[in-house]
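S.K.: Here is the input, now give the coordinates:
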Amino acid sequence: MTTAEVPEAGAARLRLPSAALCGVLALLAALAAGHLVASFISINASPYLAVGNGAIDLTPVQLKDFAVRTFGTHDKLVLLSGMAVVMVAVAAVAGMLSARSPVIGAAIIALFGLVGGFAVYERPDLSAVALLAPLASLVTGVAVFLLLHRIAPRKDIVAGSGSSGASRRSFLLGGAGVVVGAGAFGGAGQLISGTRDATASREAVGKLVPATTAPAIPADADFAKLGTPRFLTPNPDFYRVDTALSVPQVRTEDWSLRIHGMVEKERTYSYSDIRNRPLVERTITMTCVSNEVGGDYVSTSNFVGIDLADLLGEAGVRPGAEQLFCTSVDGWTSGTPVEAALDRSRGAMLAIGMNREPLPLEHGFPARLVTPGLYGYVSATKWVVDIEVTTWRARQAYWLKRGWSEQAPIKTESRIDTPKGFATVPAGAVRLAGIAWSQHNGIEKVEIRVDNGDWQPVTLSAEVNLNTWRMWWTQIAVKPGTHQVFVRATDKTGYTQTDQRAGTVPNGATGWHSTTFIAS
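M.R.: Sure thing, here's the model as predicted:
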C-alpha cells in the first residue's frame, strides 16, 4: 500500500485493540528515550524514576509507614510496579479515546512528559540540563503515537480492497520497530549509566584497617545457637530503609564533604582526606524509626570511620548552633542535634566502612553519618555530601517537614525471636530467646511473662557497650495448649518499657512484644 493509500487520521475509526496498543507503545518509547538521555546526565533524571521519587515525597506519612511495614525492603519495587501498571492502563485508555482522532492520545502522552518534567524540575539534586530527559520523552512519545495512529488498521476500510491486510502489516512492522527501538534505547541507557557504577571505586578502596579497633566481641555476646540473631549483622543482612529508588552511584574520586554555616571556617574534605586519617572502629546498633514493636529494622555492625566531632572541631562550631542540616547526594536531608554530634561519649562518626569493608553501595558508600542513640532519620544520612551547621528554625529536614519529631532518641525496646508466632513446640521445657536494645543507655535487665503470670528475669548476654543490643534467653515449663509470652526490658536509667502501644509516627513505636505458640 502506498503512502497515498493510507487512510487519513480521523477518516475512519481505529480498531480498539490497535488504538490501545498505540498508546502503550508510545509510552514505552517515551520512557526509553528519557532513560537514554538521563544516562548521560543523572539516572535520577529518568522520568520514570523522577516521578517515582516525586510520588515518595508526596505520599502521606501514614501511607509510607504502611508501605515500609507491609512490604519491607520491597516497598520501592511495589511502588515502581504499581506505577507501571497505572501508566500502561492510562496509555491504553488514551489510545482508545483516540480511535477517531489522535488529538486526545497525543495530549495525554504529552502530559506524561510534562509530569516527568515537573518531577525532574523539583529534584534538588538535578540541574536544569536534566530537563532534556523528560523533553526527549515528550517529543518521542508524541511522535511515535502520531506515527502509529496513522498506520494503524481501521474498522471501515473498504471490503476487498486489500488495504486492511496491508495496514495490519504496516502497523505490526511499525509496532515491532518501536519495541526493538525502545529496547535498544532503554538497554543503551542502562549500559551507559552502568559505566558510572561505583562498584569498581568501592573495590579499589580495599580493606579498611582501623588505627583504633573496637574491643573484641565476647563469645557470649549472642545466643545464636538458642535462637537469637548473631551479634554482628552481616552486611548483606543489615536493614535498609531510605527514599532512594535507585542506589546513588558515587565514586570516591568524585565525592567530597562540605561543612559550612555557623562555623568559624568552612571546610571541604575529599575521600582521601578521610581515608588517610587514623581510622577508628566502633560497634554500634542502629534502629529505624519505622521499626514496629517486634520489628526487624534493627542491626549491629562494626563501623569504621572518623570522629564527627573532630571534623566539626576543625570547622569551629559557633555558639547558638543547634543542628547539622545534612544533605545526601540525592537531595535527601536530615537534622542531627549538634549536642549529640559533639558528644564524644556518644561517638558520632563519619563512617566509611562496615565490618572492615568499605560501606556497601546501598548503605551509603562512600560515606555516611552514624550517631548512636538516635533514630536514623535524624542521625544517619547516607551518601552524605553537605553538612550545614545551623538552627532548627532556619532549616527543616525531609522528615521534620512531614510531621516527625525534631529530637529522636531511640526508645527502650525488646523482641522475642524464638519461638516464632503460632509455632508448634513440644510440651514441657520450651526455650525462649530474643533481643533488647536501648542505645546509649544500655540494657539492665529483661523479663518475660507467660500467660499473664508473674514477670520472670531471663539470662542476658555479655554487654559489649551501651550503644549495642543485648541478647537474652530462658527456658520455661509449659503444659500442652496455647500459650502467650510477653517481654519487656529495663534500661540502665531505670526506665522499664511501657505496655502502651504507639505507632512509629512521630518518634518511634512503643509497647510490649508478644508471641503465641502451641505446646503439644
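S.K.: Report the strands that pair with the host helix or strand of residue 351, each with its relative direction.
M.R.: Using DSSP states H and E, residue 351 sits within strand 349-354. In the sheet, strand 349-354 lines up against strand 298-307 (antiparallel), strand 357-358 (antiparallel), strand 368-370 (antiparallel) (DSSP bridges).
S.K.: would you put the C-alpha positions of that strand in PDB?
M.R.: Included here for strand 349-354 are C-alpha records, laid out as PDB according to Å, rounded to 0.1, in the frame of the first residue of the first chain:
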ATOM      1  CA  MET A 349      31.100   9.100  63.200                       C
ATOM      2  CA  LEU A 350      31.600   9.900  59.600                       C
ATOM      3  CA  ALA A 351      31.700   6.300  58.600                       C
ATOM      4  CA  ILE A 352      33.300   4.900  55.500                       C
ATOM      5  CA  GLY A 353      33.200   1.200  56.400                       C
ATOM      6  CA  MET A 354      31.100  -1.600  57.900                       C
END
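S.K.: Could you give the average pLDDT over it?
M.R.: Averaged across strand 349-354, the pLDDT comes to 98.
S.K.: Likewise for stretch 310-330?
M.R.: 97.
S.K.: tell me how far the ends of that stretch are from each other?
M.R.: Chord length of stretch 310-330, first to last residue, is 25 Å (CA to CA, to the nearest Å).
S.K.: try stretch 454-469
M.R.: Note: stretch 454-469 ends 25 Å apart using CA to CA.
S.K.: and that stretch, average pLDDT?
M.R.: Per-residue pLDDT over stretch 454-469 has a mean of 97.
S.K.: Just the buried positions in it, please.
M.R.: Along stretch 454-469, these residues count as buried under the neighbour rule (16 or more other CB atoms under 10 Å): 458, 460, 461, 464, 465, 466, 467, 468, 469. C-betas here are computed from N, CA, C, even on glycine.
S.K.: Repeat that for stretch 268-283.
M.R.: So for stretch 268-283, counting by 16+ other CB under 10 Å, buried means 269, 271, 274, 275, 277, 279, 280, 281, 282, 283.
S.K.: Leaving out chain neighbours, which residue sits closest to the fifth one?
M.R.: Meaning residue 277. Nearest non-adjacent residue to residue 277, counting by CB to CB, 6 or more residues apart in numbering: residue 306, 5.4 Å away.
S.K.: Please name the residues that touch the one you found.
M.R.: When contacts are counted by CB atoms under 8 Å, 6 or more residues apart in numbering, residue 306 is found next to 274, 277, 278, 279, 280, 349, 350.
S.K.: So it versus residue 67, what's the distance?
M.R.: 35 Å (CB to CB, to the nearest Å).
S.K.: Kindly spell out which helices and strands sit in contact with the helix or strand bottoming out on mean pLDDT in the chain.
M.R.: None of the helices or strands of the chain scores lower by mean pLDDT, DSSP states H and E than helix 61-71, at a mean of 76. In this structure, helix 61-71 makes packing contacts with helix 75-97, judged by 3 or more CB pairs under 8 Å, 6 or more residues apart in numbering; DSSP states H and E.
S.K.: So which bits of stretch 14-24 are buried?
M.R.: 14, 15, 18, 19, 20, 21, 22, 23, 24.
S.K.: what about that stretch, distance to the chain center?
M.R.: A distance of 37 Å separates the C-alpha centroid of stretch 14-24 from that of its chain, computed with CA atoms, centre = their mean, to the nearest Å.
S.K.: do stretch 216-230 as well
M.R.: The chain centroid and the centroid of stretch 216-230 are separated by 29 Å, computed with CA atoms, centre = their mean.
S.K.: Mind checking the pLDDT average for that stretch?
M.R.: In this model, stretch 216-230 has a mean pLDDT of 96.
S.K.: swap in stretch 492-512?
M.R.: 95.
S.K.: Pull out the buried residues from it.
M.R.: Buried, per 16+ other CB under 10 Å, within stretch 492-512: 497, 504, 505, 506, 507, 508, 509, 510, 511, 512.
S.K.: can you pull out the helices in the chain?
M.R.: Ranges of helices in the chain, per DSSP state H, are 16-39, 47-58, 61-71, 75-97, 103-122, 132-151, 163-194, 199-205, 271-275, 308-315, 338-342, 376-379.
S.K.: Out of the ones you listed, name the one with the poorest average pLDDT.
M.R.: Among the helices of the chain, helix 61-71 scores lowest, with a mean of 76.
S.K.: May I have the distance across stretch 274-291, first residue to last?
M.R.: 32 Å.
S.K.: Ok, stretch 200-212 next?
M.R.: Chord length of stretch 200-212, first to last residue, is 27 Å (CA to CA).
S.K.: how much distance is there from it to the middle of the chain?
M.R.: 24 Å.
S.K.: List the buried residues in it.
M.R.: Buried residues in stretch 200-212, counted by 16+ other CB under 10 Å: 201, 202, 205, 208, 210.
S.K.: State the distance from the fourth one to residue 375.
M.R.: For residue 208, the distance to residue 375 under the criterion CB to CB works out to 26 Å.
S.K.: follow-up on the earlier one: adding distance to residue 481 as columns, could you present the buried residues of stretch 200-212 in JSON lines?
M.R.: Output for these, formatted as JSON lines (distance: CB to CB, whole Å):
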{"residue": "201", "distance to residue 481": "58"}
{"residue": "202", "distance to residue 481": "53"}
{"residue": "205", "distance to residue 481": "56"}
{"residue": "208", "distance to residue 481": "53"}
{"residue": "210", "distance to residue 481": "52"}
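S.K.: Report how many residues lie close to residue 398.
M.R.: Each residue near residue 398 was counted by other CB atoms under 10 Å, and the total is 18.
S.K.: Can you tell me how far it is from residue 334?
M.R.: 7 Å.
S.K.: Quickly list what's touching both of the two.
M.R.: Joint contacts of residue 398 and residue 334 (CB under 8 Å, 6+ apart) are residue 377.
S.K.: Which residue is the nearest non-sequential neighbour of the most centrally placed residue in the chain?
M.R.: Centroid check for the chain by CA atoms, centre = their mean gives residue 242 as the closest residue, at 2.8 Å. Among residues not flanking residue 242 along the chain, residue 382 sits closest, at 6.3 Å (CB to CB, 6+ apart).
S.K.: these two touch, right, the one you found and residue 328?
M.R.: Yes - with contact defined as CB atoms under 8 Å, residue 382 reaches residue 328; the gap is 6.1 Å.
S.K.: Residue 23 and residue 99 touch, don't they?
M.R.: No - applying CB under 8 Å as the test, residue 23 and residue 99 come out as separate, 10.7 Å apart.
S.K.: Could you pull out the residues contacting both of the two?
M.R.: Contact with both residue 23 and residue 99 is made by no residue, according to CB under 8 Å, 6+ apart.
S.K.: doesn't residue 380 make contact with residue 289?
M.R.: No - contact between residue 289 and residue 380 fails when scored by CB under 8 Å: they sit 10.6 Å apart.
S.K.: coming back round to it: farthest-apart pair in the buried residues of stretch 454-469, please.
M.R.: Largest separation among the buried residues of stretch 454-469 by CB to CB: 458 and 467, giving 21.5 Å.
S.K.: Distance of residue 481 relative to residue 518?
M.R.: The gap separating residue 481 from residue 518 is 7 Å, by CB to CB.
S.K.: These two - which one has more neighbours?
M.R.: Set side by side, residue 481 and residue 518 show more neighbours around residue 518, with 15 against 10, by other CB under 10 Å.
S.K.: The more buried one contacts residue 423, correct?
M.R.: Yes - under the criterion of CB under 8 Å, residue 518 makes contact with residue 423 at 7.3 Å.
S.K.: all strands for the stretch 351-500 of the chain, in order.
M.R.: In the stretch 351-500 of the chain, the strands defined using DSSP state E, counting those that start in this stretch lie at 357-358, 368-370, 384-390, 413-418, 424-425, 428-437, 443-450, 455-457, 459-460, 470-478, 481-491.
S.K.: quick revisit: in JSON lines: the strands paired with strand 349-354, plus mean pLDDT and distance to residue 37.
M.R.: Listed next are those as JSON lines, based on pLDDT from 0 to 100; distance: least, CB to CB, whole Å:
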{"stretch": "strand 298-307", "mean pLDDT": "98", "distance to residue 37": "37"}
{"stretch": "strand 357-358", "mean pLDDT": "98", "distance to residue 37": "31"}
{"stretch": "strand 368-370", "mean pLDDT": "98", "distance to residue 37": "30"}
